[in-house]
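K.L.:
Sharing a model prediction with you, sequence too.
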Amino acid sequence: MTEGPVPILMYHSVATAPNDATRALSVAPEAFAEQMALIDDLGLTPVDTGDLAAGWRSGRSLPPHPVLITFDDGYEGVHRHALPVLAKHGFAATLFVSTGWIRGAYDTGGALDTMLGWDQVRELAAAGVEIGGHSHTHPQLDQLDDERLRHELIHCRDIVTDELGAAPVSFAYPYGYSSRRVREAVRETGYAQALAVGNGLARRRQGPYALQRVTVRRGTGIEEFERLVEGRSIARTFARDRALTKGYAMVRRARQVRRKASRSRV
């Protein structure tokens, strides 16, 4: 059984010409291909989110040197550019879909760039990509009241189940934001595990509903990428991100306090 830390890579868009809204968190197709080739050269073994969490939960052995390749939101480039590369190397991956952003009957019109359609999501699933939930409209879940929170989780789960014929077992928090209340709701909705961001390596002690990931950006060079998948210099690489995250967390907590105080006065 693999007890050591595991790098979980968080991708978003894979695109040649992303728009302004997605550029920073996109990667070029050529860069993605180079990164996957490096994973192969290093002898790492991609597994999906469900397999990692199930292995850690049950004590079942994982392959040596595991790594996770995950995609958030559901951008069209995951099918166009990433899938052929994943298939070439025989790599497992997980796609977390915001169901209200996927083109089709449930589209809410809030997507940031060109998204997958459900036929493409089904093709990804048929190719062995695990499809997980990422809420319906991609809100900050910890800012929602209980009713809206449950709607986001349940509606996402039910749509994926209807479209693919199987319920999603993994979830990723939009923006990486969660709280004890959100994590409990995710568990009660039927998801067996969930991923945050954190920009750190995933460890079994984090628990199945708070596994950390590392962000891959358009500016992630191949040397930095190698450090990420080998688990080297993670804290230094993301030091600025963590400082900004802590500052924004204080702002968000203040907003929550003000909202609660306002509701109590009504």
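P.N.:
Sure, I can see it.

K.L.:
ok, which stretches of the stretch 101-250 of the chain are strands?
P.N.:
130-133, 170-172, 193-198, 211-215 (DSSP state E, counting those that start in this stretch).

K.L.:
Need the contact partners of the first one.
P.N.:
Outside of strand 130-133, the residues that reach it under the criterion Cβ atoms under 8 Å, 6 or more residues apart in numbering are 48-50, 92-97, 99, 121, 124-125, 153, 156-157, 160, 164, 168-172, 191. For the C-beta atoms, the positions are set from N, CA and C on the backbone; glycine is no exception.

K.L.:
again, only this time at 7 Å
P.N.:
48-50, 94-97, 121, 124-125, 156-157, 160, 164, 168, 170-172, 191 (Cβ atoms under 7 Å, 6 or more residues apart in numbering).

K.L.:
In that strand, which of the residues would be classed as buried?
P.N.:
By neighbour count, and taking 16 or more other Cβ atoms under 10 Å as the criterion, the buried residues in strand 130-133 are 130-133.

K.L.:
Longest strand in the chain, please.
P.N.:
strand 66-73 (DSSP state E).

K.L.:
got any ranges where the stretch 1-150 of the chain has weak pLDDT?
P.N.:
Along the stretch 1-150 of the chain, segments meeting pLDDT under 70 span 1-2.

K.L.:
possible to save the strands of the stretch 101-250 of the chain as CSV with distance to residue 141?
P.N.:
Rendered in CSV, the data for these read as follows (distance: least, Cβ to Cβ, whole Å):
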stretch, distance to residue 141
strand 130-133, 11
strand 170-172, 10
strand 193-198, 10
strand 211-215, 16
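
K.L.:
most tightly surrounded among the ones you listed?
P.N.:
Ranked by mean neighbour count, the strands of the stretch 101-250 of the chain are led by strand 170-172 with a mean of 29 (mean count of other Cβ atoms under 10 Å).

K.L.:
what's residue 178 in contact with, if anything?
P.N.:
Contact criterion Cβ under 7 Å, 6+ apart gives 141-142, 196 as the residues in contact with residue 178.

K.L.:
so which of those comes closest to residue 232?
P.N.:
residue 196 (21.1 Å; Cβ to Cβ).

K.L.:
wait, residue 125 sits on residue 165?
P.N.:
No. Applying Cβ atoms under 7 Å as the test, residue 125 and residue 165 come out as separate, 9.1 Å apart.

K.L.:
These two - which one has more neighbours?
P.N.:
In this view residue 125 and residue 165 are compared by other Cβ atoms under 10 Å, and residue 125 has more residues nearby, 17 against 9.

K.L.:
tally of neighbours for the closest residue to residue 233 other than its chain neighbours?
P.N.:
Once its chain neighbours are removed from consideration, residue 233 has its nearest residue in residue 227; the separation is 5.1 Å (Cβ to Cβ, 6 or more residues apart in numbering). Using other Cβ under 10 Å, residue 227 is surrounded by 18 other residues.

K.L.:
chain center to stretch 221-230: distance?
P.N.:
On the basis of Cα atoms, centre = their mean, to the nearest Å, stretch 221-230 sits 19 Å off its chain's mean C-alpha point.

K.L.:
now the helices for this structure?
P.N.:
Remark: helices of the chain, listed N- to C-terminal, are 29-41, 49-58, 77, 83-89, 118-126, 146-164, 180-189, 222-229, 234-237, 239-265; assignment by DSSP state H.

K.L.:
mind putting those helices in TSV, distance to residue 17 included?
P.N.:
As requested, those are exported to TSV (distance: least, Cβ to Cβ, whole Å):
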stretch	distance to residue 17
helix 29-41	11
helix 49-58	29
helix 77	10
helix 83-89	18
helix 118-126	19
helix 146-164	28
helix 180-189	35
helix 222-229	21
helix 234-237	27
helix 239-265	25
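
K.L.:
Please work out which of these is packed deepest.
P.N.:
Mean neighbour counts were compared across the helices of the chain using mean count of other Cβ under 10 Å; the top stretch is helix 77, at a mean of 26.

K.L.:
So which other helices or strands are in contact with that helix?
P.N.:
In terms of contacts (3 or more Cβ pairs under 7 Å, 6 or more residues apart in numbering; DSSP states H and E), helix 77 is not packed against any helix or strand.

K.L.:
Okay then, goodbye and thanks.
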